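Trainee: Everything below, folded, please.
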Amino acid sequence: MAKEVAFKIKLQAPGGQATPAPPIGPALGQHGVNIGQFVSQFNERTKQLDGTIVPVVITVYRDKSFIFEVKSPPAAVLLKKAAEIAKGSGVPNKEKVGKVSTEQVRKIAETKFKDLNAYDLDQAEKIIKGTARSMGIEIDDSV
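Mentor: Below is the predicted model:
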(Lines give C-alpha, C1' and ligand atoms only; values in the text may rest on other atoms or scores of the structure.)
Protein backbone atom coordinates (compact mmCIF):
# COMPACT_ATOMS: atom_id res chain seq x y z
CA MET A 1 0.00 0.00 0.00
CA ALA A 2 1.35 3.41 -0.99
CA LYS A 3 1.95 6.11 1.59
CA GLU A 4 -0.54 8.96 1.67
CA VAL A 5 0.96 12.34 0.70
CA ALA A 6 0.23 15.08 3.24
CA PHE A 7 2.12 18.06 1.77
CA LYS A 8 4.45 19.14 -1.01
CA ILE A 9 6.87 21.88 -0.05
CA LYS A 10 8.93 23.86 -2.56
CA LEU A 11 12.06 25.62 -1.30
CA GLN A 12 15.31 27.07 -2.59
CA ALA A 13 18.44 26.32 -0.59
CA PRO A 14 22.20 26.62 -1.05
CA GLY A 15 23.59 23.30 -2.26
CA GLY A 16 25.73 21.56 0.35
CA GLN A 17 25.32 24.41 2.84
CA ALA A 18 21.70 24.18 4.06
CA THR A 19 21.01 24.94 7.73
CA PRO A 20 17.91 24.58 9.93
CA ALA A 21 17.58 28.38 9.88
CA PRO A 22 14.84 30.07 7.81
CA PRO A 23 13.49 29.36 5.25
CA ILE A 24 14.08 25.60 5.71
CA GLY A 25 13.42 25.20 9.44
CA PRO A 26 10.05 26.96 9.65
CA ALA A 27 8.77 25.45 6.38
CA LEU A 28 9.52 21.89 7.50
CA GLY A 29 8.84 22.36 11.22
CA GLN A 30 5.22 23.37 10.71
CA HIS A 31 4.60 20.04 8.97
CA GLY A 32 6.39 17.96 11.62
CA VAL A 33 9.35 16.91 9.48
CA ASN A 34 12.68 16.07 11.13
CA ILE A 35 14.63 19.17 10.08
CA GLY A 36 18.07 17.83 11.03
CA GLN A 37 17.53 14.66 9.03
CA PHE A 38 16.46 16.65 5.95
CA VAL A 39 19.38 19.10 6.20
CA SER A 40 21.97 16.31 6.49
CA GLN A 41 20.49 14.33 3.57
CA PHE A 42 20.16 17.48 1.43
CA ASN A 43 23.73 18.61 2.13
CA GLU A 44 25.08 15.12 1.37
CA ARG A 45 23.22 14.94 -1.95
CA THR A 46 24.15 18.48 -3.05
CA LYS A 47 27.70 18.85 -1.71
CA GLN A 48 29.14 19.16 -5.25
CA LEU A 49 27.04 22.31 -5.88
CA ASP A 50 29.03 24.27 -3.27
CA GLY A 51 26.58 26.98 -2.25
CA THR A 52 24.72 27.40 -5.56
CA ILE A 53 21.03 28.02 -4.90
CA VAL A 54 18.95 25.00 -5.97
CA PRO A 55 15.20 24.40 -5.86
CA VAL A 56 14.04 21.35 -3.94
CA VAL A 57 10.57 19.76 -3.85
CA ILE A 58 9.89 17.92 -0.59
CA THR A 59 7.03 15.41 -0.41
CA VAL A 60 5.87 14.90 3.18
CA TYR A 61 3.77 11.84 3.98
CA ARG A 62 1.14 11.43 6.71
CA ASP A 63 3.58 9.47 8.91
CA LYS A 64 5.97 12.50 8.79
CA SER A 65 8.47 10.68 6.58
CA PHE A 66 9.63 12.51 3.47
CA ILE A 67 11.40 12.29 0.14
CA PHE A 68 12.84 15.15 -1.84
CA GLU A 69 13.84 15.93 -5.40
CA VAL A 70 16.63 18.39 -6.15
CA LYS A 71 16.08 20.39 -9.34
CA SER A 72 18.71 22.16 -11.43
CA PRO A 73 19.73 25.68 -10.33
CA PRO A 74 17.58 28.56 -11.69
CA ALA A 75 18.67 29.92 -15.07
CA ALA A 76 19.17 33.38 -13.55
CA VAL A 77 21.66 32.00 -11.00
CA LEU A 78 23.60 30.18 -13.71
CA LEU A 79 23.61 33.26 -15.96
CA LYS A 80 24.87 35.50 -13.14
CA LYS A 81 27.68 33.05 -12.45
CA ALA A 82 28.60 32.83 -16.16
CA ALA A 83 28.54 36.62 -16.62
CA GLU A 84 30.34 37.13 -13.28
CA ILE A 85 27.83 39.70 -12.02
CA ALA A 86 26.13 40.13 -8.65
CA LYS A 87 22.63 40.89 -9.95
CA GLY A 88 20.66 41.62 -13.09
CA SER A 89 19.78 45.06 -14.42
CA GLY A 90 16.88 47.08 -13.04
CA VAL A 91 16.16 48.39 -16.56
CA PRO A 92 17.37 45.58 -18.84
CA ASN A 93 16.25 47.23 -22.10
CA LYS A 94 18.47 50.29 -21.43
CA GLU A 95 21.22 49.22 -19.05
CA LYS A 96 23.31 46.12 -19.84
CA VAL A 97 25.23 44.60 -16.93
CA GLY A 98 27.16 41.73 -18.46
CA LYS A 99 27.87 39.45 -21.41
CA VAL A 100 27.79 35.71 -21.98
CA SER A 101 28.84 33.71 -25.02
CA THR A 102 26.62 31.44 -27.09
CA GLU A 103 28.71 28.52 -25.83
CA GLN A 104 27.94 29.46 -22.20
CA VAL A 105 24.23 29.73 -23.06
CA ARG A 106 24.37 26.22 -24.59
CA LYS A 107 26.02 24.81 -21.43
CA ILE A 108 23.36 26.42 -19.24
CA ALA A 109 20.61 25.06 -21.53
CA GLU A 110 22.12 21.56 -21.25
CA THR A 111 22.19 21.86 -17.46
CA LYS A 112 18.59 23.08 -17.28
CA PHE A 113 17.15 20.94 -20.11
CA LYS A 114 15.35 18.34 -17.95
CA ASP A 115 13.57 21.11 -15.99
CA LEU A 116 12.65 23.28 -18.99
CA ASN A 117 9.54 23.05 -21.10
CA ALA A 118 11.43 22.39 -24.34
CA TYR A 119 11.59 19.49 -26.80
CA ASP A 120 15.13 20.07 -28.02
CA LEU A 121 18.27 21.92 -27.04
CA ASP A 122 17.74 24.76 -29.55
CA GLN A 123 14.43 25.67 -27.92
CA ALA A 124 16.03 25.42 -24.47
CA GLU A 125 18.71 27.87 -25.63
CA LYS A 126 16.00 30.33 -26.71
CA ILE A 127 14.48 30.15 -23.21
CA ILE A 128 17.88 30.84 -21.60
CA LYS A 129 18.55 33.72 -24.05
CA GLY A 130 15.18 35.23 -23.11
CA THR A 131 16.09 35.03 -19.42
CA ALA A 132 19.43 36.67 -20.16
CA ARG A 133 17.74 39.52 -22.07
CA SER A 134 15.31 40.11 -19.22
CA MET A 135 18.29 40.39 -16.83
CA GLY A 136 20.21 42.88 -18.99
CA ILE A 137 22.82 40.34 -20.08
CA GLU A 138 23.98 40.46 -23.69
CA ILE A 139 24.77 37.34 -25.72
CA ASP A 140 28.08 38.06 -27.45
CA ASP A 141 30.59 35.58 -28.89
CA SER A 142 33.53 37.93 -28.34
CA VAL A 143 33.41 37.13 -24.60
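
Trainee: centroid residue for the protein?
Mentor: Pro73 (2.6 Å; C-alpha atoms, centre = their mean).

Trainee: what pLDDT does it get?
Mentor: Pro73 is assigned a predicted lDDT (pLDDT) of 90.

Trainee: Tell me if I am right that it is in a helix.
Mentor: No. Secondary structure of Pro73 (DSSP: H, G, I helix; E, B strand; the rest coil): coil, not part of a helix.

Trainee: so who does it touch?
Mentor: Contacts for Pro73 (C-beta atoms under 8 Å, 6 or more residues apart in numbering) come out as Gly15, Leu49, Thr52, Ile53, Val54, Pro55, Thr111. Using the backbone N, CA and C atoms, a C-beta is placed for each residue, glycine as well.

Trainee: do the same with Lys129
Mentor: Residues near Lys129 by C-beta under 8 Å, 6+ apart: Val105, Ile139.

Trainee: again, but for the one 5 residues further on
Mentor: Neighbour list for Ser134: Gly88, Pro92 [criterion: C-beta under 8 Å, 6+ apart].

Trainee: Need the three-state assignment for it.
Mentor: Strictly by three-state DSSP, Ser134 counts as helix.
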